[in-house]
Each structure stands twice: as structure tokens, then as C-alpha cells.
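S.K.: my questions concern the predicted model and sequence given below.
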Amino acid sequence: GENVEQHPSTLSVQEGDSAVIKCTYSDSASNYFPWYKQELGKGPQLIIDIRSNVGEKKDQRIAVTLNKTAKHFSLHITETQPEDSAVYFCAASRDQGGGSYIPTFGRGTSLIVHP
Amino acid sequence: DTEVTQTPKHLVMGMTNKKSLKCEQHMGHRAMYWYKQKAKKPPELMFVYSYEKLSINESVPSRFSPECPNSSLLNLHLHALQPEDSALYLCASSQFTEGRDTEAFFGQGTRLTVV
């Protein structure tokens, strides 16, 4: 099955700095890579995703890059703000043939943005 | 409306109790999911419903019993739980599109404590 490794487990930055979280996956058939942000006491919220036919995607201060050859993808947050503090999960999934969505999650990165 | 609503938000139950968790979505999604999440861990898939039929059971103990009464509702019936079952229980839904994974929307979760 798929295995997703995520690093670092904890990331501490100063407000205004950039933050980068990296993930690798094992199943070359994986073709969909979402990123979730989970604040304390809340459910995961999708913040950005990328499909295997795209190398990079950007949404305001958030960007994701994908290297299919190396089987790794990264989340980049620029101009970090204290409200960016949360746990971030990467995930990978592939066509299961049944239409349902079953991602394999990374172990999570706790991002702390100091004011 | 991109919300998945879960009730209750918090639940404390004894090991001999019977309780139910409820989940509702009105996005027309035909795939619905139950996840279990322990502290500082990623969500773990428990069940998947596709078109109101159970399609995946990740070897979950029978003390957890899912039910999908209609396309908008998903229940999780709990009976004779153990203290180690204490966790955040997350419901999610996604569009059912054959051959294409789509993003899943998560609810805020039910924080379950078994005493």
C-alpha cells in the first residue's frame, strides 16, 4: 500500500518568514495530493491540492509543488502569520476504481508562527 | 453550502452505554466516511459509504456500527466501547466521480471520551 512520509514534525518560524513542509510517497500510481490544515479542536480543512498532471499550484500565500519522478511534494507558505499556526497534513491517493476518496495521510507537521 | 455537520461536538459515555454519532451534509456528495483521530496523529479511515452502501470497512471492531439512512446522513452507533476508543471521530464526504479522486470535506468532529 501507499506510504507517506512527512517532515518536519514540528516547525517554528517568526511571523513574516516562509515555511516549507515536505512529503514523500511510495506508490507511483498516486495522482492526487491534498494538503489539510487542522486547528486545535477542529476537523481538517483542505487548503490546497495538486494533481499529478501539474507541477506547481499557487493560491495567494500558499503553494504546492510536485515532483513525480522523485515522488515528493511540498507545501510552501510565504509571509506567515500567527493564524497559520496549526497542524498540517499532506496526503496522497490514487484512482481506487470505485469513485470514493481514500487518502493516505502523512504524520502531520505542527507549525508554530511566533508574532 | 460546503459544510459537514457533526453532532454532538462532545460526548462522554460509560463502557456499558449505547450512543450514536450523527453526520449530515447537503452538498449532494454520494461518498461519506468515518475517520478516527487520536491526539497528534493523522486521521485513520474506519468506514466508507458509496451511494448509501457500505463499501469499505477497515477491520473495525463490531462495537462500532455505521449506518447510512439516506444520501445526506451518516450515523455511527457505539456500544460497549473501551477507554482506548476515546478519540476525535471525524465524518467526511466527497463527490462520487468514477475514475477521479476529489477533495473530501471534513466535519468538525465529535470528541468522544469513554469512562
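M.R.: Right, received. Where do you want to start? Residues are numbered from 1 along each chain as shown, chains lettered A, B, ... in the order given.
S.K.: low pLDDT regions in chain B?
M.R.: Residue ranges of chain B with pLDDT under 70: B:1-2, B:96-102.
S.K.: let me see the ranges of the strands in it.
M.R.: B:4-7, B:10-13, B:18-25, B:31-37, B:44-50, B:53-57, B:64-70, B:73-79, B:87-94, B:104-106, B:110-114 (DSSP state E).
S.K.: closest to A:Gly16 out of these?
M.R.: strand B:104-106 (29.5 Å; Cβ to Cβ). For the C-beta atoms, the positions are set from N, CA and C on the backbone; glycine is no exception.
S.K.: and for that closest one, what's in contact with it?
M.R.: Identification of contacts with strand B:104-106 by Cβ atoms under 8 Å, 6 or more residues apart in numbering or on different chains yields A:34, A:36, A:43-46, A:101, A:103, B:2-4, B:25, B:27, B:29, B:33, B:35, B:43, B:90-94.
S.K.: sheet-wise, list the partners of it with their directions.
M.R.: Strand pairing for strand B:104-106, using DSSP bridges, gives strand B:87-94 (antiparallel).
S.K.: now the strand it pairs with: buried residues?
M.R.: For strand B:87-94, burial by neighbour count (16 or more other Cβ atoms under 10 Å in any protein chain shown) applies to B:Ala87, B:Leu88, B:Tyr89, B:Leu90, B:Cys91, B:Ala92, B:Ser93, B:Ser94.
S.K.: and if you look at stretch A:43-57?
M.R.: Using 16+ other Cβ under 10 Å as the test for burial, stretch A:43-57 gives A:Gly43, A:Pro44, A:Ile47, A:Ile48, A:Asp49, A:Ile50, A:Ser52.
S.K.: for stretch A:53-72, same thing?
M.R.: By neighbour count on 16+ other Cβ under 10 Å, the buried set for stretch A:53-72 is A:Ile62, A:Ala63, A:Val64, A:Thr65, A:Leu66, A:Lys71, A:His72.
S.K.: state the distance from the nearest residue to the second one once chain neighbours are set aside to chain B.
M.R.: Distances taken as Cβ to Cβ, 6 or more residues apart in numbering or on different chains place A:His76 nearest to A:Ala63, at 4.5 Å, with adjacent residues excluded. As judged by Cβ to the nearest Cβ, to the nearest Å, A:His76 and chain B stand 19 Å apart.
S.K.: now do the helix or strand hosting A:His76: distance to the chain's middle.
M.R.: Using DSSP states H and E, A:His76 falls within strand A:72-77. Strand A:72-77 sits 6 Å away from the centroid of its parent chain (Cα atoms, centre = their mean, to the nearest Å).
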